[in-house]
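**Student:** Here you go, sequence then predicted model.
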Amino acid sequence: MRHKILVIDDNYKERAEKYARLAMVCSDLAFATPPSFDVEIIPARHPSEVESLLRDNAFSAVILDVVLNGWKGASGVPVRASEMLAKLDDSIPVALLSSEWVSDEVKNLVATWPTKNCRMFIHWDDISDDAHIKDGSLTRILCELAKYIEAYNNLDYSIELEDGNPIRILHLSDLQFGGFKNWKLKLEAPHCAAVIRRKWKDGPTFIVLTGDIAERGFPAEYEAAYSWLSDLVSEFGWSLPSSRILLVPGNHDVCLPFAAGSMLKLEETQGSKDARAKDPKLEKELRVDFAADEELVCDLTDYAIKLPPAKPGVYLY
């Protein structure tokens, strides 16, 4: 995992080495407990750069210097941190940085900010002072920041694998929930979890869910699928939403009436055994004979490839 962190600091040029040291904690073996992710520091070298950087990058967090007297606005007045904060929405956590936290001016400024994403306060000594760093200040900063990034993005840093343990990926496909209510669904999820645990005692590390989740892409079908999946992952101690689930939609997950309306005319032979590809050269690629059901349920590495590779630019769904 690699996190981009935007730094808004009017003295970044003089402090660049200190920020670089913060990023190096992730890979520096000299630290006893380095974070389990990488950090890329991207600075705004002028207040006018903030908006373009936000537009061009997906930042996980922002470190904002509270006092920006080194920057002047168009009218020559020093830029205020609250002006920079106004450019950030509540979807990204902000760590406020200052060496003057004891200042009443700074305290009052922070108290007047209405946004709720200012979740963390950093004293400059924790980044620059060798005694603080020796005491583990850099690691504490990143681990606390990671906690807020996790909360904002539903990331899960609780996964721990011992050396030699494999990553277990559960692949689910073609659930095709029809949106109907059935009391048996509540029993099915625990049963599926029990079957999975017979293979993996500790359950999967990740779940890859490939289409189709729904049958016709209707909201009620997604609600049924979400309910079932929520029951399933709860058996493994997870909750939804979870970053441990990768979802790849399928063709049934598109609601054609909603997406196309009257602009799309379906072929009358759709679903018929007599249906034929408009391009005869694709016909053999549409006809796949699975000799036995066992070929559909097996370890990922044992999948049999029945189809010849599609020609470049040709995608079959």
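**Tutor:** Structure's in. What do you need?

**Student:** Show me this structure divided up by domain.
**Tutor:** Using automatic domain parsing, the domains assigned to the chain come out as 2-153, 169-268.

**Student:** and those as CSV, adding mean pLDDT?
**Tutor:** What follows is these, written out as CSV (pLDDT from 0 to 100):
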stretch, mean pLDDT
domain 2-153, 81
domain 169-268, 81
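
**Student:** Take those and lay them out in TSV including distance to residue 162 and mean neighbour count.
**Tutor:** No exception for glycine: its C-beta is placed from N, CA and C like everyone else's. As requested, the domains of the chain are exported to TSV (distance: least, CB to CB, whole Å; neighbours: other CB atoms under 10 Å):
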stretch	distance to residue 162	mean neighbour count
domain 2-153	14	16
domain 169-268	11	15
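
**Student:** how far does stretch 235-245 stretch from start to finish?
**Tutor:** Using CA to CA, to the nearest Å, one end of stretch 235-245 lies 15 Å from the other.

**Student:** again, but for stretch 129-140
**Tutor:** Counting by CA to CA, you get 14 Å between the two ends of stretch 129-140.

**Student:** unless I'm mixing things up, residue 256 is touching residue 217, no?
**Tutor:** Yes. Counting by CB atoms under 8 Å, residue 256 touches residue 217, with 7.2 Å between them.

**Student:** all helices of this structure, in order?
**Tutor:** 12-24, 49-56, 81-85, 104-112, 125-128, 130-134, 137-153, 184-199, 219-234, 256-260, 283-286 (DSSP state H).

**Student:** Out of these, the one nearest residue 178 is which?
**Tutor:** Nearest of the helices of the chain to residue 178, taken as CB to CB: helix 219-234 at 6.1 Å.

**Student:** now what about that closest one, what contacts it?
**Tutor:** 175, 177-181, 185-186, 188-190, 192-193, 207, 209, 213-215, 239-240, 242, 245 (CB atoms under 8 Å, 6 or more residues apart in numbering).

**Student:** CA-only coordinates of that helix, as CSV, when you get a sec.
**Tutor:** Listed next in CSV are the C-alpha coordinates belonging to helix 219-234 (Å, rounded to 0.1, in the frame of the first residue of the first chain):
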residue,chain,number,x,y,z
PRO,A,219,-31.8,-2.2,-6.9
ALA,A,220,-33.6,-4.9,-5.1
GLU,A,221,-31.2,-7.5,-6.4
TYR,A,222,-28.2,-5.5,-5.2
GLU,A,223,-29.9,-5.2,-1.8
ALA,A,224,-30.3,-9.0,-1.6
ALA,A,225,-26.7,-9.6,-2.7
TYR,A,226,-25.4,-7.0,-0.1
SER,A,227,-27.4,-8.7,2.6
TRP,A,228,-26.1,-12.1,1.7
LEU,A,229,-22.5,-11.0,1.4
SER,A,230,-22.7,-9.1,4.7
ASP,A,231,-23.9,-12.3,6.4
LEU,A,232,-21.1,-14.3,4.8
VAL,A,233,-18.2,-12.0,5.7
SER,A,234,-19.6,-11.5,9.3
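
**Student:** Please work out the angle formed by the directions of it and helix 184-199.
**Tutor:** Angle between the axes of helix 219-234 and helix 184-199 is 40 degrees (criterion: axes from the mean of the first three to the mean of the last three CA atoms, to 10 degrees).

**Student:** Numbering from 45 from now on, please.
**Tutor:** From this message on, residue numbering opens at 45, which makes the last subject helix 263-278.

**Student:** In JSON lines, list the helices of the chain along with distance to residue 141.
**Tutor:** Shown next, in JSON lines, are these (distance: least, CB to CB, whole Å):
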{"stretch": "helix 56-68", "distance to residue 141": "10"}
{"stretch": "helix 93-100", "distance to residue 141": "15"}
{"stretch": "helix 125-129", "distance to residue 141": "10"}
{"stretch": "helix 148-156", "distance to residue 141": "11"}
{"stretch": "helix 169-172", "distance to residue 141": "8"}
{"stretch": "helix 174-178", "distance to residue 141": "14"}
{"stretch": "helix 181-197", "distance to residue 141": "10"}
{"stretch": "helix 228-243", "distance to residue 141": "45"}
{"stretch": "helix 263-278", "distance to residue 141": "38"}
{"stretch": "helix 300-304", "distance to residue 141": "46"}
{"stretch": "helix 327-330", "distance to residue 141": "58"}
